[in-house]
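*Asks:* fold the following and give me the result.
(chains A and B)
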Amino acid sequence: MNLLVCVSRVPDTATKIFVGPDGKTIDSKGVKYILNPYDEFALEEAIRLKEKNGGEVTALTVSADDATDILRNALAMGADSAIFIKAPAEPDSYQVAHNIANSVKDKNFDLIFFGRQSVDFDSFQIPSMVAELLNIPSVSVVSKLEVNGSKVIAERDIEGGKETVELSTPCAISAQKGLNEPRYPKLPDIMKAKKKPIEEVAFFQVDAAVEVISIALPVNKRVGKILGDSDSDINEIVRSLHEDAKVI
Amino acid sequence: MIIKTETDTIHPYTFDSSNMHGNADIVYIPEDFDELRQAIKSCFDQNIPMTFSGAGTGITGSRVPNGGAVISTELMKGISVFGNGKVTVQAGVTLNELDDFLRPQGYFLAPNPTEMNSFIGGNVATNASGSRTFKYGAIREHILGLKLILPDGEIISLNRGEIFADSYKLSLSSESGKKYELQLPVYKMPATKNATGYFAHENMDAIDLFIGNEGTIAAIAEITLKVLPLPESIIGGIVFFDDADKLLDFVIEIRDMSLINNKSNPESVKTISARLIEYFDNPSLNLLRPKFPQIPEKAIAGIWFEQEYSTPNEDEIMGEWYAMIQNYTGLSDDTWIALSDKEHKEMAEFRHELPLQVYENLTENSQKKVGLDTAVPIEHFPELFRFYSEVFGNLPLQYVIFGHIGNSHLHANIFCQNDEEYALALQIYDRCIDKTLALSGTVSAEHGIGKLKKKYLRKMYGDKTVDDMIEIKKYFDPKLLFGIGTMFDINKI
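*Replies:* Got it, this is the predicted structure:
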């Protein structure tokens, strides 16, 4: 099977984020970057399919920064090769989708995997856009997947339940948490990953569809009140529950 | 200062993470040094016994009060001076808070005691150690200065390297000029990590007497710590084994290499030089398996290691580890590796999950636990390790053995469902203690004596040495007000 996994380089979820001086980008100073956590489920699923059916897994990313570090992570997990498309500036979802579609359109991938979202900008758009551009079916937020030849059965989480759909390859799948338990990188695989090829592909110029006007941090509003056990504090709690919260 | 006198507000201060419970009449929570001294002085004047309280993460009951007052340092959170590889903190700063402060400035506290919510004051009181003690020693070796308060309110400030004993005679003076002349106990400490009784050594530094005093002779108010620049890169690994004998041989080989290579300049090291070597036995892996299904099925034990290195040497060092691991286990290709911060965090969670699961096992099934904290000199470790597998291999009780195998220091925890099992566990405990002492080891390598291990302190050192320690206690605390019931049996005083 010929499998592609599109991955994204995102700030570590534990990193404290600050807005850059232009008010439109995040300040990358001191930020640690990681492989997008949802992409690990996508990679794991592709690698398991390869282990079961044979074939190859290619990891691909589009990034304005050097993203070879996360591609090495993907290679250490078990991808066979990687493609790095370096963007001249922070691309929007449309530009990323166009670049993915353009670089893989002649490569005959059976399945194209994505994480259900990147945890940095949370646009949720790229899997569907790529599928549309390649004119192939897509299923998003998949939590269970079965592939038999060209038949694909995917279970997806919907509000309050599960939905099962059937489609055929080639297709695009976006992975939900719970699809599998991603493996930890193993010592021999990390050593091998250092020798696996990363192909650099030139950025395909297309205009962005959206422009970021500003980004801002949420306002931290302290809503709690700390009161003690003195009589006046107890009176204040009763008053507040009665007048402000109107629960008593 | 916050003062608590209601039973329900005092209650949280009457126990720790052992199963022990005590009682107190009042809790003082001073907010600065002067308030701490004032609380101590006022109890002294009224002859009220005082028990010092850290975060309550200890597991030998040293903060569990026997009536009287509890003095909690939880609001003493000042971090005052930082620079030149030194930081001065008040007793109530937690390891987590210190790490949050140091890390952005590129520094860390090296020994890494496991419980990050513990207070630095508590760490000093018990001479705490942790996973990185293998390379960096216990916290004692990182303490450069202490500001102490004696039971009568006298203040003693000590900096490492300033005041030494003359053989076993020590002279000190307080800030107000009061002189102290004392005879230190003459005894031989074990050649291991150790947290038993008062530190004593010929020509010792005065500061060492107060590190590990478990709140029995002086209150620890402020601590100056040596901190180190963060290493350039770290590789972590969890190696799985299918054969226990081979695991032991592996540990001995990487330990002995690391003991030599850890003395070299890290930039020049291109081979194995571990900063920590930790052990998980099969029952430990079984406790972790539900949460970590990635643990290989065939694994019967695991070793976690970490090494600091210079980035250009990464390939060579990884190659050396892989070759070494392949020599000792059929599961070499299952070795997990962490290189990025995120991966290291996941690996640390794996290690920390074990004590959490042990604790959960206890609370969920309302079991009792018997926990060993013994260490032996490294030349005797193979004998202790084989003794453990003999004793525990056929034991009809649930247990886990894990810990600091690089320091020849393992924690064996036995879980007991009923009194019968508890009695059997105590017998096993005593057999392990006897074996440890026969191998010149220590009954407590890091948890301290507290209120739970007093009889083993006597067993380890004999009556004469313990009585000499009690003389030290009486010298600084003639009214017997500090930490009563900790370290020594009150009836013996």
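*Asks:* for the nearest residue to B:Pro355 once chain neighbours are set aside, what is the enclosing helix or strand?
*Replies:* Excluding the flanking residues, the one nearest B:Pro355 by C-beta to C-beta, 6 or more residues apart in numbering or on different chains is B:Thr114, at 6.6 Å. Quick note: C-beta positions are derived from backbone N, CA and C, even for glycine. Under DSSP states H and E, no helix or strand contains B:Thr114.
*Asks:* and B:Thr114, how far from chain A?
*Replies:* 20 Å (C-beta to the nearest C-beta, to the nearest Å).
*Asks:* got the contact list for that residue?
*Replies:* B:130-131, B:351-352, B:355 (C-beta atoms under 8 Å, 6 or more residues apart in numbering or on different chains).
*Asks:* each with direction, which strands does the longest strand seen in chain A pair with?
*Replies:* As assigned by DSSP state E, the longest strand anywhere in chain A is strand A:138-148. Here strand A:138-148 is paired, per DSSP bridges, with strand A:151-158 (antiparallel), strand A:171-175 (parallel).
*Asks:* sorry, back to before: please report phi then psi for the residue nearest to B:Pro355.
*Replies:* phi -60, psi -40 (degrees, to the nearest 10).
*Asks:* can you pull the domain assignment for the chain?
*Replies:* Went with chain A since none was named. A:2-201, A:221-248 (automatic domain parsing).
*Asks:* ah, I was thinking of chain B
*Replies:* If you go by automatic domain parsing, chain B breaks into B:2-72, B:79-229+B:475-480, B:233-438.
*Asks:* got TSV for those domains, with mean pLDDT too?
*Replies:* Listed next are those as TSV, based on pLDDT from 0 to 100:
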stretch	mean pLDDT
domain B:2-72	95
domain B:79-229+B:475-480	96
domain B:233-438	93
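*Asks:* go through the domains of chain A and pick out the most buried.
*Replies:* domain A:2-201 (a mean of 18; mean count of other C-beta atoms under 10 Å in any protein chain shown).
*Asks:* mind checking the end-to-end distance for that one?
*Replies:* 19 Å (C-alpha to C-alpha, to the nearest Å).
*Asks:* which among the domains of chain A is found nearest to B:Thr335?
*Replies:* domain A:2-201 (4.0 Å; C-beta to C-beta).
*Asks:* tell me how far that closest one lies from the chain's centre.
*Replies:* 6 Å (C-alpha atoms, centre = their mean, to the nearest Å).
*Asks:* one more: stretch B:168-185?
*Replies:* The answer for stretch B:168-185 is 28 Å, by C-alpha atoms, centre = their mean.
*Asks:* now do the buried residues in that stretch.
*Replies:* B:168, B:170, B:172, B:174, B:184-185 (16 or more other C-beta atoms under 10 Å in any protein chain shown).
*Asks:* repeat that for stretch B:132-143.
*Replies:* B:132-136, B:138-143.
*Asks:* tabulate those (JSON lines), appending secondary structure and distance to chain A.
*Replies:* Converted to JSON lines, those look like this (DSSP: H, G, I helix; E, B strand; the rest coil; distance: C-beta to the nearest C-beta, whole Å):
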{"residue": "B:Arg132", "secondary structure": "coil", "distance to chain A": "21"}
{"residue": "B:Thr133", "secondary structure": "helix", "distance to chain A": "25"}
{"residue": "B:Phe134", "secondary structure": "helix", "distance to chain A": "21"}
{"residue": "B:Lys135", "secondary structure": "helix", "distance to chain A": "21"}
{"residue": "B:Tyr136", "secondary structure": "helix", "distance to chain A": "25"}
{"residue": "B:Ala138", "secondary structure": "coil", "distance to chain A": "29"}
{"residue": "B:Ile139", "secondary structure": "helix", "distance to chain A": "26"}
{"residue": "B:Arg140", "secondary structure": "helix", "distance to chain A": "31"}
{"residue": "B:Glu141", "secondary structure": "helix", "distance to chain A": "30"}
{"residue": "B:His142", "secondary structure": "helix", "distance to chain A": "26"}
{"residue": "B:Ile143", "secondary structure": "strand", "distance to chain A": "30"}
